[in-house]
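Undergrad: Pasting the sequence and the predicted coordinates here, then a few questions.
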Amino acid sequence: DAAGIARKCAVIDQALQRTAETLLGEHAGAAVAVDPATGQVLAMASSPSFDQNAFISGMSHEVWNTLISDPRRPLENKAIQAEYPPASTYKIISAAAGLEEGVIDENTAFFCPGFLKFGNRTYRCWKRWGHGEVSLLQAMSESCDVYFYKVGQELGVDRLAWYAKAFGLGEPTGVDLAHEAAGLIPTAQWKKRRIGESWHAGETLSVVIGQGFNLATPLQMAMVVAAVGNGGTRFRPQLVQTIRTADGNILYESQPEVVGKLPVSDKNLELVRQGLFKTVNHRHGTAWRSRLDGMAMAGKTGTAQVVGRKEDDTDGDEEKEDPLKDHAWFVAYAPLTDPRIAVSVIVEHGEHGSSTAAPIAAEMIRFYLSGGQPKTGS
């Protein structure tokens, strides 16, 4: 019976999807865009890609071996399966946790000389010469590590983990795709159970800036920034809009599915949003170069260490000699009020979120909000 054959209609915006794939180009990484008001997935690109028709028409052993041995992992849907340290994008959660727990407020200031000595180690800020005296909004917009080290010292790993999980990290988002990764949010109990060792206070300093054991997928971070932008509502990301029979009868029509609420007051969430706005729109913000004319975008850069914790971390623009370059993150939403799009971009070994990932996300947002108009001017 032809009427019994169902057809799925996706919510993906095809023009935005093509734009995301083009912007990623030859980079290994992923770009995800969602509607903050519904959770619908507008674009989900993973790079490098491969010709899926080859699995139908057949491929040679040589082609197959090339695919499975490629270090850029083309067979992996990086948007939902690749797990990365969220780096400084995690400071969104650290700031919210610090505010809610009363560890900091809008006026709390710490002095950043470029490092923090703790125990027998020196934990560096990405800005070697330091930020000086900084309060919350400056710490977020300029991504001051020392400020957040101090927040982490007061919070501890378990309180921080509670907020991270309440933001949706550490578990699958529930998107209707197979093999979605859960990411990882560490706790003292997790380390004891998994590694057989007690948690060390110094490890919290890495975790609070999104390093250490922390892992997240690009889709998870897109949903985090979407919830911040929409006022605190967490949605399940959806890929299917309708399912129709061949003769047009609707079998299923998606509705926004709320899965949680951020445990953050309106006042504190607004402070976090102000910090994200300044990140993009203040001349000292780490994403200043990716601001959009006539479009109020808010976002957060991040630069994830590939191996260990180096001494010149995380959002700076200094060149590094290490051949294992850092991964570049940027998460953002726009417009500032009633946002219509939230984006998460990671570029593997792209070094700096400010210079590699942010321009991709900004162009995706500009393209979508301008109705798919091509970019003009230089």
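TA: Right, received. Where do you want to start?

Undergrad: contacts, neighbours, all on C-alpha from now
TA: OK.

Undergrad: Contacts only, for the spatially closest residue to His282 that is not a sequence neighbour.
TA: Nearest residue to His282, sequence neighbours excluded (CA to CA, 6 or more residues apart in numbering): Trp288, at 6.2 Å. Each residue near Trp288 by CA atoms under 8 Å, 6 or more residues apart in numbering is listed here: Thr279, Val280, Asn281, His282.

Undergrad: Tell me how many other residues crowd the residue nearest to Leu205 when sequence neighbours are not counted.
TA: Using CA to CA, 6+ apart and skipping residues adjacent in sequence, the residue nearest Leu205 is Tyr149, 5.1 Å away. Using other CA atoms under 10 Å, Tyr149 is surrounded by 25 other residues.

Undergrad: Among the contacts of Trp288, which ones are in helices?
TA: Judged by DSSP state H, helices contain the following of these: Thr279, Val280, Asn281.

Undergrad: Next, format those residues as a markdown table and append pLDDT and distance to Gln189.
TA: Formatted as a markdown table, these follow (pLDDT from 0 to 100; distance: CA to CA, whole Å):
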| residue | pLDDT | distance to Gln189 |
| --- | --- | --- |
| Thr279 | 98 | 34 |
| Val280 | 98 | 37 |
| Asn281 | 97 | 40 |
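
Undergrad: Format those as TSV; extra columns: neighbour count and distance to Ala45.
TA: Output for these, formatted as TSV (neighbours: other CA atoms under 10 Å; distance: CA to CA, whole Å):
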residue	neighbour count	distance to Ala45
Thr279	30	25
Val280	28	24
Asn281	22	27
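
Undergrad: of all these, which comes closest to Asn249?
TA: Proximity of the ones in helices among the contacts of Trp288 to Asn249 (CA to CA) peaks at Val280, which lies at 45.8 Å.

Undergrad: For that closest one, give me its contacts.
TA: By CA under 8 Å, 6+ apart, the contact list for Val280 reads Ser141, Thr286, Ala287, Trp288, Arg289, Ser290, Arg291, Met297, Ala298, Gly299, Lys300.

Undergrad: how about the last one, what does it touch?
TA: Taking CA under 8 Å, 6+ apart, we find Lys300 in contact with Ser88, Thr89, Ile92, Ser141, Leu276, Thr279, Val280, Thr286, Ala287, Phe330, Val331, Ala332.

Undergrad: Give me the subset of those residues that lies in helices.
TA: Using DSSP H, these in helices are Ile92, Ser141, Leu276, Thr279, Val280.
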